[in-house]
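Undergrad: Attaching a predicted model along with its sequence, questions to come.
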Protein chains: 2
Amino acid sequence: MSPNSPADDRAASPGDRPPAIGLVGLGAIGGCLGLDLRARGHRVWGWTRRAEAAREAEVRGIVDGADTDPASLRAADVVFLCPAIGAIAPTAERLIPHLRSETVLTDVGSVKGAIVAAIAPRWENFVGGHPMAGTHESGMAAAQRDLFVDRPYVLTPTAATPPAAVERVAALARSLGARLYTCAPDAHDRAVAAISHLPVAISAALIAACEAEPDPAVRDLARAFASSGFRDTSRVGGGNPELGAMMAEFNRAELRRSLDRYRAALDDLAACIEAEDWAGLKAQLAATQNARDRYL
Amino acid sequence: MSPNSPADDRAASPGDRPPAIGLVGLGAIGGCLGLDLRARGHRVWGWTRRAEAAREAEVRGIVDGADTDPASLRAADVVFLCPAIGAIAPTAERLIPHLRSETVLTDVGSVKGAIVAAIAPRWENFVGGHPMAGTHESGMAAAQRDLFVDRPYVLTPTAATPPAAVERVAALARSLGARLYTCAPDAHDRAVAAISHLPVAISAALIAACEAEPDPAVRDLARAFASSGFRDTSRVGGGNPELGAMMAEFNRAELRRSLDRYRAALDDLAACIEAEDWAGLKAQLAATQNARDRYL
């Protein structure tokens, strides 16, 4: 362990200093957490597999120090797991043997059911978390201050999660300026399926449908005419394929429910068009126009 | 006829002055056309049903003068029909008895097949048109300069449209800085169904699907968590219901084709999710990510 690791500081001034933070996964979200938490007086220690990433995180001021040895997080009071969704549970598995039992473990994954189901039985002080802020860039270079201000930060404890562990993460989330929500993992997954994962699927299908136009001359016109309506509606369907597939994989059950509900809603609109029921179509569009304000 | 109507000017200086313009429908698009065409030296005369609108258009500099009498457009060389889609053909019907046979009539409607089918048999020098620029506001107050610069301006002549009439409108469209396209009315309608009318339907269905969540607590979470992905994907589905219904009504056949193609595309994505074929899903999302660049 490096002489600057958080353990040394704890030994030097125990008690009233802010909780020491461990950071695993030094990408955009982990980087933002590191910058913000250090600015609030926390010692932040990173664990990463690549020594160059450890050095870069130090240079960028994301961590006080970083190491390739998971044992370097032993002194941390709260550890944030910030790798890609699919790597969160396996990374927790590798880390757990090195943690003190009182350390609170939390993650930042955008699905919660599968992750909580995998980690909670292995670590009592685990609190599923999802800070709902994103950068369009990925990687440590995209890290920025105050990304979480006024954004939702969702915690998904189970009935067995110790309240003190929840409060420890909640206090950190609040200190970042986030709006704190607490709900069950499956309620989180159902809500994000509807407003985040479903949009990726329906937006991708728009692009695929335009590309499926059989007349190449018409397809060229569509490409030339596409404007703000197409741009906005297709944006998330043109996003990172790995991320889209991973969200679908880890939130499959809820995404399927959302897709079923979506197809029924589209059928309702199509039925009006089929029946030339323009008053009915206008009423449905007036309802969606009105409803959208409740989300934004 | 007012002493300032275009007829007087033509009499005073015939020959090489820019074509005199008639403007019907003094809303946002008509207003933008008036501002731009006057700035390019055209005399612009408006016909509107409301005397107050005529005065307001004069005050705003959208027209040189405006009148409630359709006969006031008799001197116009080119008349732009700019009312709402459903009013274009009926308005042309009322105007036609007052026009000189050499006057070129064009419209700005966002569907072309139904409008061209209604007007072309009644007026030889009719050229269907669609300047593909929009303001988010409507009404004369939303009129602004240079709205059409670098935007598509589509003309949809038929085999029977005189080439000189097409060239007259084309020259005006080019003078506005627009990118000119010429295609058949049904090719236009198919292309805009895909990139403009289909997005409204699929975006509205997203809002409706979120609202159909049966658990009110989850619905509240979805509303609280909704972010840029939901915002962009739902934007056009939360737009003007009258406009959405009217586009569906006037472009019904092509919108139905687009919806069929869309449902097939969504089924392809859903089939991967159903089968847990994550490599297949990733490949589809990589294809849409790649394809989107061809549109924007």
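TA: Thanks, I have the structure now.
Undergrad: Show me the helices in chain A, by range?
TA: Using DSSP state H, the helices of chain A run over A:6-12, A:28-39, A:51-59, A:85-95, A:113-119, A:163-175, A:185-192, A:198-211, A:216-225, A:228-234, A:241-250, A:252-274, A:278-292.
Undergrad: between those helices, which one is nearest to B:H188?
TA: When those are compared by CB to CB, helix A:216-225 sits nearest B:H188, at 7.0 Å. Heads up, the C-betas are built off the backbone N, CA and C, glycines and all.
Undergrad: From the contact counts, what lies against the closest one?
TA: Using 3 or more CB pairs under 8 Å, 6 or more residues apart in numbering or on different chains; DSSP states H and E, the elements in contact with helix A:216-225 are helix A:198-211, strand B:152-156, strand B:179-182, helix B:185-192.
Undergrad: Could you export the ones you listed as JSON lines, including mean neighbour count?
TA: Output for those, formatted as JSON lines (neighbours: other CB atoms under 10 Å in any protein chain shown):
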{"stretch": "helix A:198-211", "mean neighbour count": "26"}
{"stretch": "strand B:152-156", "mean neighbour count": "23"}
{"stretch": "strand B:179-182", "mean neighbour count": "16"}
{"stretch": "helix B:185-192", "mean neighbour count": "25"}
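Undergrad: and of these, who's closest to B:E254?
TA: helix B:185-192 (4.6 Å).
Undergrad: What are the phi and psi values at the residue most central in space within chain A?
TA: Centroid check for chain A by CA atoms, centre = their mean gives A:S110 as the closest residue, at 3.5 Å. The phi and psi values for A:S110, taken as degrees, to the nearest 10, are phi -90, psi 0.
Undergrad: what about it, distance to B:P152?
TA: Distance of A:S110 to B:P152, computed by CB to CB, to the nearest Å: 37 Å.
Undergrad: Check A:V108 too.
TA: 43 Å.
Undergrad: what about the helices and strands packed on helix A:216-225, which gets the closest to A:A28?
TA: helix A:198-211 (18.3 Å).
Undergrad: Now do the closest one and helix A:185-192, the angle between them.
TA: 40 degrees (axes from the mean of the first three to the mean of the last three CA atoms, to 10 degrees).
Undergrad: For A:C82, list the residues it contacts.
TA: A:C82 makes contact with A:23-27, A:29-30, A:33, A:107-108, according to CB atoms under 8 Å, 6 or more residues apart in numbering or on different chains.
Undergrad: Enumerate the residues of the stretch 1-150 of chain A near chain B.
TA: A:132, A:134 (CB under 8 Å from any CB of the partner chain).
Undergrad: which regions of the stretch 1-150 of chain A lie under the pLDDT threshold?
TA: For the stretch 1-150 of chain A, the stretches flagged by pLDDT under 70 are A:1-16.
Undergrad: which residue does it bring closest to chain B?
TA: Residue of the stretch 1-150 of chain A nearest chain B, by CB to the nearest CB: A:M132 (5.8 Å).
Undergrad: still on that earlier bit, how about the helices and strands packed on helix A:216-225 in CSV, adding distance to A:G237 and mean pLDDT?
TA: Output for those, formatted as CSV (distance: least, CB to CB, whole Å; pLDDT from 0 to 100):
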stretch, distance to A:G237, mean pLDDT
helix A:198-211, 3, 98
strand B:152-156, 22, 98
strand B:179-182, 25, 98
helix B:185-192, 19, 98
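Undergrad: For B:D260, find the nearest of those.
TA: Comparing the helices and strands packed on helix A:216-225 against B:D260 with CB to CB, the closest turns out to be helix A:198-211 (9.0 Å).
Undergrad: follow-up on the earlier one: next, count neighbours for the residue of the stretch 1-150 of chain A closest to chain B.
TA: 22 (other CB atoms under 10 Å in any protein chain shown).
Undergrad: Could you double-check that it sits in contact with B:A226?
TA: No. Using CB atoms under 8 Å, A:M132 is not in contact with B:A226; the gap is 9.5 Å.
Undergrad: quick one: contacts for A:A265?
TA: B:205-206, B:208-209, B:212.
Undergrad: Out of these, which are close to chain A?
TA: B:205-206, B:208-209, B:212.
Undergrad: Identify, from those, the entry nearest to B:V116.
TA: B:A205 (30.0 Å).
Undergrad: Next one: that closest one from A:A271, what distance?
TA: According to CB to CB, B:A205 and A:A271 sit 12 Å apart.
Undergrad: can you check A:A173 too?
TA: A:A173 is 44 Å from A:A271, by CB to CB.
Undergrad: between the two, which one's more packed in?
TA: Shown here are A:A173 and A:A271; by other CB under 10 Å, A:A173 has more neighbours (21 against 13).
Undergrad: thought the more buried one was touching A:P152?
TA: No. Counting by CB under 8 Å, A:P152 is not a contact partner of A:A173; they are 9.6 Å apart.
Undergrad: and for these two, which residues touch both?
TA: A:P131.
Undergrad: Adding distance to B:G65, write the helices of chain A out as JSON lines.
TA: Below are these laid out as JSON lines (distance: least, CB to CB, whole Å):
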{"stretch": "helix A:6-12", "distance to B:G65": "79"}
{"stretch": "helix A:28-39", "distance to B:G65": "59"}
{"stretch": "helix A:51-59", "distance to B:G65": "68"}
{"stretch": "helix A:85-95", "distance to B:G65": "65"}
{"stretch": "helix A:113-119", "distance to B:G65": "68"}
{"stretch": "helix A:163-175", "distance to B:G65": "63"}
{"stretch": "helix A:185-192", "distance to B:G65": "57"}
{"stretch": "helix A:198-211", "distance to B:G65": "44"}
{"stretch": "helix A:216-225", "distance to B:G65": "34"}
{"stretch": "helix A:228-234", "distance to B:G65": "34"}
{"stretch": "helix A:241-250", "distance to B:G65": "56"}
{"stretch": "helix A:252-274", "distance to B:G65": "42"}
{"stretch": "helix A:278-292", "distance to B:G65": "36"}
